[in-house]
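A.B. asks: test case, fold it:
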Amino acid sequence: MSWAAGGYANTPSPRRADPASLQALAGRSMGTTWSLRFDNPRMVALEDVRAAAQAALDRVVAQMSTWEADSDIRRFNHAEAGSRHVLEPEFAKVLACALQWAAASDGAIDPSIGPLVALWGFGADRSNDGPPSPAAIAQARARVRWQRLALDPETRTAIQPGGAALDLSGVAKGFAVDQVAAALQALGLGDFLVEVGGELRAAGRRPGGDPWQVLVDALPGHTHRVPLDGLAIATSGDRWHVREHQGQRWSHTLDPRTGEPVRHALASVTVLHPECMEADALATVLTVLGPDDGLAFARRHGVAALFVCRAEQGPRAFVSPAWPIQ
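C.D. replies: Got it, this is the predicted structure:
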């Protein structure tokens, strides 16, 4: 997905004709970039806005990044079998979201997918450069089963069943967007657009009263202008984060049910939802399910989704009934 935030996405600062209260900030976190567009009529100090956004992102990284040696998720992944862990509220919320959609999709998303991520050459613990053997896939799949994860939402405790390796990358980035949005609202900012690595969430309106908008690439030369009126948007697909080895190419989107990268015709899925965490998780689910099962799932659950598929005649796009532009 390419996006343009009401015409301002490609400018690092407000243009000459912009209202003085429309401001912008950007930075790096989670191995990607983040940016903000916000109406700031009270002129909250930019250093305070930046600090609040960065602190929200840093909390997500400290808890859920598999790249940080001392993160909460790495401590859980390396803990002894049977050990009980009290999770931070943010960690528990993201894990609960992943488990909810794992149950609803029969495992199309699985927070215990870490062994397969490493086996296929992705993530901080990648253990392979080329495609793994069937035996190695079978061995990793034995450790990937979301039903083994015992999470008590009331006490925020989770038990390491033994050999489980959590990877929440299919949910955590969207959750980070939500956390930045909450941090801005705590500063008294009510009109903004938050973006982290291409996932976005809007609140309120642009100066002048128009909704924040994004341009979504549906097909070459065709875009959808989508108003984000209190909505978030997330995209998943195989156009990004791929690996190649001796002429073979595979996507980072892995199907936990088979242990292999997805191989259907679906190129990308874009999802709209009030929460970016949910949009991120659902985009992953639909990408794994593929064009037919994914569309059926979106219909059953009222998910607003845009699908883009590869075809011999060229890419084609279609939407679920809940998508706002038909």
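
A.B. asks: residue ranges with poor pLDDT in the stretch 201-326 of the chain?
C.D. replies: Applying pLDDT under 70 to the stretch 201-326 of the chain picks out residues 218-222, 238-251, 326.

A.B. asks: contacts only, for Gly162.
C.D. replies: By C-beta atoms under 8 Å, 6 or more residues apart in numbering, the contact set of Gly162 is Glu80, Ala81, Gly82. (C-beta placed from N, C-alpha, C; glycine too.)

A.B. asks: in a strand, Glu195, correct?
C.D. replies: Yes: Glu195: assigned to a strand according to DSSP: H, G, I helix; E, B strand; the rest coil.

A.B. asks: returning to what we had before: just the ones in strands from the contacts of Gly162, please.
C.D. replies: Judged by DSSP state E, strands contain none of those.

A.B. asks: would you turn those residues into a markdown table with distance to Leu151 and neighbour count?
C.D. replies: Below are the contacts of Gly162 laid out as a markdown table (distance: C-beta to C-beta, whole Å; neighbours: other C-beta atoms under 10 Å):
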| residue | distance to Leu151 | neighbour count |
| --- | --- | --- |
| Glu80 | 18 | 7 |
| Ala81 | 16 | 10 |
| Gly82 | 15 | 9 |
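
A.B. asks: what about the helices in this protein?
C.D. replies: 46-64, 72-77, 89-104, 114-119, 134-141, 169-186, 276-301 (DSSP state H).

A.B. asks: how far away is the residue most central in space within the chain from Leu87?
C.D. replies: Closest residue to the average C-alpha location of the chain: Asp280 at 3.7 Å, with C-alpha atoms, centre = their mean. Asp280 is 19 Å from Leu87, where distance means C-beta to C-beta, to the nearest Å.

A.B. asks: now do Ala118
C.D. replies: 22 Å.

A.B. asks: also Lys173?
C.D. replies: Lys173 is 18 Å from Leu87, by C-beta to C-beta.

A.B. asks: more neighbours: which of the two?
C.D. replies: More crowded of Lys173 and Leu87, by other C-beta atoms under 10 Å: Lys173, with 25 against 22.
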